[in-house]
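Undergrad: Could you work out the structure for the sequence below:
(2 chains)
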Amino acid sequence: MKKNFTILLFIICFSLFSSGEAQTLVAEASKSRVAVGEPFQISFSLNTSGTNLKIAHLNEFDIFQGPYNSSSTSVINGSVSQSYTLTYVVGAKKEGKLNIGPATVTVNGVTIQSNILIIDVTKGGTNNNNNNNNTPSSANNQNTTSEKPAGDNVYITTQVNKRKAYIGEEITVLYKIYTRVDITQFAVSKIPSVDGCYVQDGKISNAQVTENIDGVNYITGEIKKSYIIPQRTGKIIIDPLEAECVSRQQSNKRPRDIFEQFFGGGYEEVKYSIKSKPVTIDVLPLPEENKPADFTGTVGNYSLKASLSRNDLKTNDATNLTVVISGKGNIKLIEPLKINFPEEFETYDPKTSENISSDNGISGSKTFDYLIIPRHEGKYKIDKINFSYFDPEKKQYVTIPSPEFTINVAKGDDTPANVYSSRNKEDVKILANDIRYIKSATPLVEKNNYFFGSIMFYTGIVTPLLAFILFIIIRRKNIEDNKDSVVVKSRKATKLARKKLINAEQYLKTNNKERFYIEISQALYGYVGDKLNISVADLAKETISITLKEKRVSDDTIQQLLTTLNNCEYARYAPGAVSGDLNGIYNNTVELITKLENEIS
Amino acid sequence: MKSVKLFVSLFLLSFLSLPINANEGKLAFENANAAYAKKDFDNAILLYGNILKSNLESAALYYNLGNAYYQKNEFAKAILNYERAKKIAPTDSDILNNLNLANQKIEDKLEVAPEFFLLQWKNLLLNLMNEKAWSITCILLLCFACLLFAGYFISKNILIKQIAFYSGTVLGALFITTFFIAKHAYFTSKNGTEAIILSSVAAVNASPSENGKKLFILHAGSKVSITKQDENWFEITISNGNVGWIKEDQLEKI
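TA: Numbering: from 1, shown residues only, chains lettered A, B, ... in the order given. Here you go, the predicted model:
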């Protein structure tokens, strides 16, 4: 209507001032009050032909469409009039009073200026009710679709089922689009991130539902559904979801030709950037009151089932303990239960399997399979296992015990076929380095009690030395003494033998045979006895010959000595039986003693 | 010979006999250990210190005192006491382990200057036993050497004579070596040529005076060797070979 009116005004003006050739440039806005991002039209109209049209900078606005040129020539009463219009569809970037213009144009060498437009921009979304007259039905009637604000036509909401939650409690987040225009294209440009949460996407329904909001019918669709489980306490912000959609709307632009009209011309595509609002959720810590000792942070609502595959088995047979935890909540975060198996069992880390669905909240089950191999026979008991969780609805902790199991193990075959030789042997893990503990027992001694240099030390050094020297001296003396007696004896031996021989010589002269032989034999026995240091009692011929042999006296000499001794004895006890001259025996004996003297070493 | 045996046995017995106040000391030691076990380290330090004041000592006493200081995060004093314990028991693994840990906690990480390998062997040998053990080894070696030489004189068998003579000679040589090692150990132990820095920051000067040019800074816990003394200044050498003068009150002899 306004536009029509404007054109009419132009015509009137033109007709009024046609003769005066008054040229005007008029700036016009479709709305003087708009919301941020709301599209509206601005147009610059010139009632004559001009050149060098300069539009003021539209930095504070997003140009959605345009510029569109339109020109018209009319002949009224023979006079020709021209008009030219430039149209933009823009949206304000920020709120406040924004100025547009002035625009300038040169007509016949004269520069003319347009008026200044003042647009009052308000915060987005506040003018929903103001524009209620722009219902889709009325929009269809009028060809002004592209003027409608996006904040009103299309928007996204973030819906959460609770604003306050315990840590670990599941929250449903649903992003929904509301539209009252036809959407031809839709794309999510930014998927929201949620810090500090475990996020699991849920299924969305593709159905389009018509909802009535404040008396206006909107078509709604679910964009995205997430189940989030906060992992920390405090405020958690769910970031906005950003999307871009293109709506196909009837254009106010005249189709250029018939083909365009035929192939769907006359429609234009309007692009909207839409964004949901961030949502803040308060995450509360779990109450400390009545917190079970074995609580590991599991929140939700669960049930526990435990079963043993076999109760009666033989040694080295395997059995399985299966623990199934099922329910609603952060199932993925459930840790394997710590079961106290008897030491005699060989156990392995449990095999974990999950079956989680997120159709309607996170739910499902987690199964722990413990493989047990008893290595020794006997009757064993597996203690009950307590599984604790926090129920956010009841706001209390729940502990469910598993049943106790007894296992009877009979003695199996002696040849364990399936013994794993490599039991889980691990290197000793060094957890920390700390000093070793204090020592308990100690003999305390006086300070500065040095042993070296003390009297005790020097006594210790000197005493063995003195003892050794003493030992040497005593030994020397003994040896000296022994040596003397032997030497003396041996010296005396020759002397005595000579004496006896002198006696024997006298008896030889007097021809006293008996005495002669006695002297000779005594001289020999005495000499050998003294020389060899053998006592008279031991003086037998065998001893003499052995001792002489030891002294390395030649066999000839020994034989001669023994013969001479024998002869002397024969002559003494049987004087008639021995012949031979006494002189020969005497000389023989002297010779023998000389030999012995030389040979005894 | 008998007299020697008698002497040796008497001599060994004299070692086992304890000082008169040893029993009292033992009781105090147990009390201090109890305080340590209760994590009352302040009290433990006080009690261990009292035993030391009564002129008694042992490797375990210094070691436990070192542990108490370690628990109080006074690493310089811990190192000082571990070093004192090490002087008495140079091969005790507990002492070496804790000393090593305490040394990792101090600020100065001194590069050890490479030593000539013979010098390394010498230090290794010297650290094998303490002064007492070296002295006793020395005496025992002498006794055995004398016995072997006596055996040489007594024996009539030539082989035994030879063995006795040569081994006696070797033991005699060892006796002389150990005597000098014991002497060295005695002097180093008595004169205390090594010290630990106790003040948290200690400036080392170029000359023994306050106005001397500052050469480098040492922190608590560093071990230094004292090479000279000039009134209340010490000339020190640190393990990377740097030399300078430091005031007496900033360190304590091991």
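Undergrad: how about the residue in the stretch 201-350 of chain A that chain B sits nearest to, phi and psi?
TA: Nearest residue of the stretch 201-350 of chain A to chain B (C-beta to the nearest C-beta) works out as residue A:293 at 25.7 Å. Glycine gets a C-beta too; all of them are placed from N, C-alpha and C. Main-chain torsions, residue A:293, degrees, to the nearest 10: phi -70, psi -30.
Undergrad: neighbours of it, just the number please.
TA: 7 (other C-beta atoms under 10 Å in any protein chain shown).
Undergrad: do the same with residue B:77
TA: Residue B:77 has 21 nearby residues by other C-beta under 10 Å.
Undergrad: which residues does the closest residue to it other than its chain neighbours contact?
TA: Of all residues not flanking residue B:77 in the chain, residue B:69 sits nearest, at 4.2 Å (C-beta to C-beta, 6 or more residues apart in numbering or on different chains). By C-beta atoms under 8 Å, 6 or more residues apart in numbering or on different chains, the contact list for residue B:69 reads B:45, B:75, B:77, B:78, B:81.
Undergrad: Need the pLDDT of the residue of the stretch 201-350 of chain A closest to chain B.
TA: Listed pLDDT for residue A:293 reads 79.
Undergrad: for residue A:504, same thing?
TA: Confidence score, pLDDT, at residue A:504: 83.
Undergrad: and if you look at the one 3 residues further on?
TA: pLDDT for residue A:507: 83.
Undergrad: Residue B:64 now?
TA: pLDDT, residue B:64: 91.
Undergrad: residues near it, how many?
TA: 27.
Undergrad: Look at it and tell me its secondary structure.
TA: Residue B:64 falls in the helix class when you classify it by DSSP: H, G, I helix; E, B strand; the rest coil.
Undergrad: List the contacts of it.
TA: Contacts of residue B:64 (C-beta under 8 Å, 6+ apart): A:438, A:439, B:32, B:33, B:36, B:44, B:48.
Undergrad: nearest residue to the fifth one other than its sequence neighbours?
TA: What that stands for is residue B:36. Nearest to residue B:36 is residue B:44, by C-beta to C-beta, 6+ apart, at 4.1 Å.
Undergrad: what does the third one give?
TA: Of all residues not flanking residue B:32 in the chain, residue B:47 sits nearest, at 3.5 Å (C-beta to C-beta, 6+ apart).
Undergrad: that older thread, quick one: which of the contacts of residue B:69 is nearest residue B:198?
TA: Within the contacts of residue B:69, distances to residue B:198 taken as C-beta to C-beta reach their minimum at residue B:77, with 6.9 Å.
Undergrad: Do I have it right that the closest one meets residue B:198?
TA: Yes. Between residue B:77 and residue B:198 there is a contact under C-beta atoms under 8 Å: 6.9 Å.
Undergrad: quick one: which two of the contacts of residue B:64 are the most distant?
TA: A:439 and B:44 (13.1 Å).
Undergrad: neighbour count winner among those two?
TA: residue B:44 (26 against 20).
Undergrad: in what helix or strand does that one lie?
TA: Counting by DSSP states H and E, the element that carries residue B:44 is helix B:41-53.
Undergrad: Would you mind listing the buried residues in that helix?
TA: B:41, B:43, B:44, B:45, B:47, B:48, B:51, B:52 (16 or more other C-beta atoms under 10 Å in any protein chain shown).
Undergrad: show me the contacts for residue A:404.
TA: A:381, A:382, A:383, A:384.
Undergrad: All set now, cheers.
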